[in-house]
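>>> I need the structure of the sequence given here:
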Amino acid sequence: MCGIVGIYHKKEPACSDVYDALIQVQHRGQDAAGISTWDTEKISTHKYTGLVTEVFKHQTTFEKLAGNIGIGHVRYPTAGGDNVSEAQPFFTANPVNISLAHNGTLTNSEKLKEKLIRINFCQFNTNSDSEVLLKQFCYELYKTNFRKLTKTHVYKALNNVFQKCSGGYAVVMIVAGIGLVAFRDPKGIRPLSLGKYKNSYLIASESSAITAMGYDLESDIKPGQVVIIDEQGNVDKKRPIKGSTNQPCLFEYVYFSRPDSTIDEISVHKSRLRMGDFLGEKILRDFKDLDVDVVIPIPDTSRTSAMQVAYKLGVKYREGFMKNRYIGRTFIMPGQSIRKRSVAQKLNPIEIEFKDKNVLLVDDSIVRGHTSKKIIQMVRDNGAKKVFFASASPPIRFQNVFGIDMPAIKELVAHNRTIRQIKNFIGADELIYQDLDDLRSSASIGNPKITKFEESVFTGIYCDSFVTKKYLQKLEDSRQDIKR
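You can find the predicted model right below:
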């Protein structure tokens with residue numbers, strides 16, 4: 001998962017606002033950060049590994065990033081490596097100066113890459129599928145045989161990109177002579193929104209970045225839609241490909257997105273409230289004998305759902321963990337040993353909230369199960385009589401291939417395990433999972449026009465013909481955690 005932003009100002013430099021917007025999407029990636037700007041003559045780029053504040057800590061860096069158009073990227077690796085060469089935005093000067101920032105994963109990147117090399121169009125400097133996407137767009141632009149580049153050429157090139165590039169992707173680009181270009185894959189798997197303030201425009205992975213920056217949210221960029229903001233500030237929107245459908249990633253609502261975001265007209269906050277409602281109703285219906293004294297969330301994402309669970313059950317809601325704000329999101333940390341250390345450093349229990357109580361812990365999801373296991377043991381060590389565990393999402397049993405770096409499938413605690421076996425593994429007295437139909441409803445109630453979601457982590461059903469058993473096995477091999 002990554003975060004992307006793009007800014008157009010009429011006259012003012014864009015760099016500092018790109019920086020501020022990247023801060024608002026930092027939760028989507030902590031591995032690397034980068035900014036590119038355009039000053040009508042050249043594209044300037046600065047990128048490096050680390051958090052946004054670490055990569056852009058010197059004033060001289062901002063001074064070198066001149067221009068009123070800029071794009072930015074925060075990354076955690078789903079394809080490629082974790083060194084600085086894989087950081088984005090990526091740049092090329094063939095056939096014109098272009099800089100690209102990408103969130104998502106191309107499922108057919110190897111096939112596209114092989115063809116571009118075979119026809120001697122370009123060479124590649126990284127293993128990133130984002131570079132493949134950039135070079136594929138460049139090739140399609142080159143094939144238009146333009147003399148003077150126009151928006152029509154860009155639309156024509158992107159029509160071919162949509163037809164040839166499979167997977168989930170949201171993209172912002174600087175295209176010299178055109179301006180700021182943004183587009184979203186034809187299924188709308190990865191989110192992208194557009195905002196406006198006076199004569200300025202902001203494009204971002206989440207609407208929360210737009211509103212936090214003081215912009216008005218105009219719209220989601222639709223699946224298969226291209227938005228061009230030219231150098232004069234004119235905005236063009238077009239869907240050059242037919243047959244686009246809205247099938248957003250369901251896990252965005254569960255975990256990744258900020259609660260103050262709206263994705264495809266669905267409030268993330270309200271969807272999580274509904275998750276808690278459905279989960280509470282399931283507990284009342286199917287687990288009537290649970291004697292719950294208190295509901296406690298595992299911070300931060302599960303708070304909204306946990307409050308509604310407590311409300312439905314008619315029991316107290318309490319905060320039971322102090323969280324160290326300087327430890328990143330453990331889900332997106334590489335290496336199991338690092339994650340284990342981070343859990344201990346990140347959460348510290350408040351003993352009086354657990355001692356002599358039957359505690360219901362609520363989390364947004366259970367991935368590997370190691371974090372849940374450690375937290376349950378913490379709660380027992382602090383005097384809880386019984387520890388029940390509820391997940392606001394169904395069991396995660398399968399790989400994600402559209403831009404979420406789930407672990408290898410054999411490391412998923414729910415893969416090939418029953419609910420009872422998972423309960424025993426994490427050490428809970430009872431384990432309650434959200435039903436998939438209820439999770440779908442939690443989101444779709446917010447926008448009834450959306451009838452399908454990308455939900456392969458729960459079902460193992462992939463909306464992409466390139467996702468074969470061979471593809472999944474290769475992905476499985478690449479995702480094996482290094483044992484430390």
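
>>> ok, and the closest non-adjacent residue to Ile286?
Residue 286: Asp, not Ile. Nearest non-adjacent residue to Asp286, counting by Cβ to Cβ, 6 or more residues apart in numbering: Ile432, 7.8 Å away. The way it works is simple: take the backbone N, C-alpha and C, and place the C-beta from them, glycine included.

>>> and that neighbour, how far is that from Lys148?
62 Å (Cβ to Cβ, to the nearest Å).

>>> These two: which has the busier surroundings?
Using other Cβ atoms under 10 Å, the more surrounded residue of Ile432 and Lys148 is Ile432, with 22 against 6.

>>> As a check, name the ranges of all helices in the stretch 301-450 of the chain.
Shown for the stretch 301-450 of the chain, the helices assigned by DSSP state H, counting those that start in this stretch span residues 303-313, 336-346, 370-381, 419-426, 436-444.

>>> Would you mind listing where the stretch 351-484 of the chain has pLDDT under the threshold?
By pLDDT under 70, the weakly predicted segments of the stretch 351-484 of the chain are 480-484.

>>> Isn't Ser171 up against His102?
Heads up, residue 171 is Val, not Ser. Yes: counting by Cβ atoms under 8 Å, Val171 does reach His102; the two are 5.1 Å apart.

>>> Touching both of the two, which residues are there?
Shared contacts of Val171 and His102, defined by Cβ atoms under 8 Å, 6 or more residues apart in numbering, are found at Ile4, Leu133.

>>> ok now do the closest residue to Val25 other than its chain neighbours, which residues does it touch?
Of all residues beyond its chain neighbours, the one nearest Val25 is Gly3 (3.0 Å), with distances taken as Cβ to Cβ, 6+ apart. If you count contacts by Cβ under 8 Å, 6+ apart, Gly3 has them with 22, 25-29, 73-74, 103, 204-206, 209.

>>> distance of the residue nearest to Asp286 from Pro394?
11 Å.

>>> Ser257 too?
For Ser257, the distance to Pro394 - Cβ to Cβ - is 18 Å.

>>> Neighbour count: the two, which is higher?
Ser257 (28 against 23).

>>> what sits against that one?
Each residue near Ser257 by Cβ under 8 Å, 6+ apart is listed here: Pro191, Glu206, Ser208, Ile263, Val268.

>>> what number of residues lie near the fourth one?
By that I understand Ile263. Using other Cβ under 10 Å, Ile263 has 28 other residues around it.

>>> what are the bridge partners for the residue nearest to Asp286, then?
Per DSSP bridges, the residues bridged to Ile432 are Ala390.

>>> Next one: it from Ala384, what distance?
With distances taken as Cβ to Cβ, Ile432 is found 17 Å from Ala384.

>>> same thing with Ala408?
32 Å.

>>> For the two, indicate the residue with more neighbours.
Taking other Cβ under 10 Å, Ala408 and Ala384 do not tie; Ala384 has more neighbours (26 against 16).

>>> low-scoring pLDDT stretches of the protein, where are they?
Applying pLDDT under 70 to the chain picks out residues 77-82, 325-344, 480-484.

>>> Show me how it divides into domains.
Per automatic domain parsing, the domain ranges recorded for the chain read 3-245, 267-450.

>>> from the chain's centre, how far out does stretch 56-75 sit?
22 Å (Cα atoms, centre = their mean, to the nearest Å).

>>> can you pull the buried residues of it?
Buried residues in stretch 56-75, counted by 16 or more other Cβ atoms under 10 Å: 56, 62, 65-75.

>>> same question, stretch 291-311
292-299, 301-310.

>>> pretty sure Val226 is touching Thr152, no?
No: using Cβ under 8 Å, Val226 is not in contact with Thr152, being 11.5 Å away.

>>> hang on, the earlier thing: could the buried residues of stretch 56-75 go into a markdown table alongside distance to Ser441 and secondary structure?
Output for the buried residues of stretch 56-75, formatted as a markdown table (distance: Cβ to Cβ, whole Å; DSSP: H, G, I helix; E, B strand; the rest coil):
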| residue | distance to Ser441 | secondary structure |
| --- | --- | --- |
| Phe56 | 42 | coil |
| Phe62 | 46 | helix |
| Leu65 | 45 | coil |
| Ala66 | 49 | coil |
| Gly67 | 46 | coil |
| Asn68 | 44 | coil |
| Ile69 | 41 | strand |
| Gly70 | 39 | strand |
| Ile71 | 36 | strand |
| Gly72 | 35 | strand |
| His73 | 34 | strand |
| Val74 | 32 | strand |
| Arg75 | 33 | strand |
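
>>> Cheers, nothing more for now.
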